[in-house]
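> Need coordinates for the below:
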Amino acid sequence: MFLKSFAILCLLLHVSFAQEWKTIKSVSLKKDNLERLLVKSEGNQRLLEFRWTLYANDNLIVLRNFDDIVTQHVLKLNHTNQSFRIKLLSSTAYKIKVPYILIKFTDFDYKKKESQFDIFLRDDEEEIQLEYLKDE
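Got it, this is the predicted structure:
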């Protein structure tokens, strides 16, 4: 009986976690190629860019720019430090759960010298619109 109840609880938690992500996109990037997203919210448009610069010793160095703040991340496959997240709106006293983007490093192709990322959006109140920009 306990195992059956535990299995049902795990299934419910999995389903509720899976529904919190609004947008999922997979991206393959070569070294120093930019992925660009236009983040639209509350009448504002902000640019989010990220690229990777080095893959060595199973570590991927990623640079990202959002709101003119450049940050560097060291990501590793199958590790706790496999992703980074970016808050898209500020927290307030009335709003605890703010929208954010999670960018997860999922694979590295040695032959093509490309890294694979999954991009997730958490936006419970549907305040954010994302536009994936193409390179010109």
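
> Let's verify L89: helix, strand, or coil?
coil (DSSP: H, G, I helix; E, B strand; the rest coil).

> Look up how far I86 lies from the nearest residue to it once chain neighbours are set aside.
Counting by CB to CB, 6 or more residues apart in numbering, V98 is the residue found nearest to L89 once chain neighbours are left out, at 4.8 Å. The way it works is simple: take the backbone N, C-alpha and C, and place the C-beta from them, glycine included. Distance from V98 to I86, counting by CB to CB, to the nearest Å: 11 Å.

> list residues touching both of the two?
Here V98 and I86 have no joint contacts, going by CB atoms under 8 Å, 6 or more residues apart in numbering.

> and the residue nearest to L89, what is it in contact with?
87-91.

> Who wins on neighbours among those residues?
Neighbour counts for these (other CB atoms under 10 Å) peak at L88, which has 22 neighbours.

> That one contacts E42, doesn't it?
No. L88 lies out of contact with E42 (CB atoms under 8 Å); the separation is 10.0 Å.

> Give the residue spans of the protein that score low on pLDDT.
1-23, 92-95, 135-136 (pLDDT under 70).

> hmm, 80 instead?
1-23, 42, 90-96, 134-136 (pLDDT under 80).

> so where's the longest strand in it?
In the chain, taking DSSP state E as the definition, the longest strand is strand 44-56.

> The next helix-or-strand element following that one to strand 44-56, inter-axis angle?
Sequence order places strand 59-66 as the next helix or strand after strand 44-56, per DSSP states H and E. For strand 59-66 against strand 44-56, the angle by axes from the mean of the first three to the mean of the last three CA atoms, to 10 degrees is 160 degrees.

> and the residue nearest to L89, which of the three is it?
coil.

> Report the separation between it and S26.
Taken as CB to CB, the span from V98 to S26 is 24 Å.

> cool, T80 as well?
In terms of CB to CB, T80 sits 21 Å off from S26.

> Then Y132?
11 Å.

> same deal with Q116?
7 Å.

> Next: L89.
In terms of CB to CB, L89 sits 25 Å off from S26.
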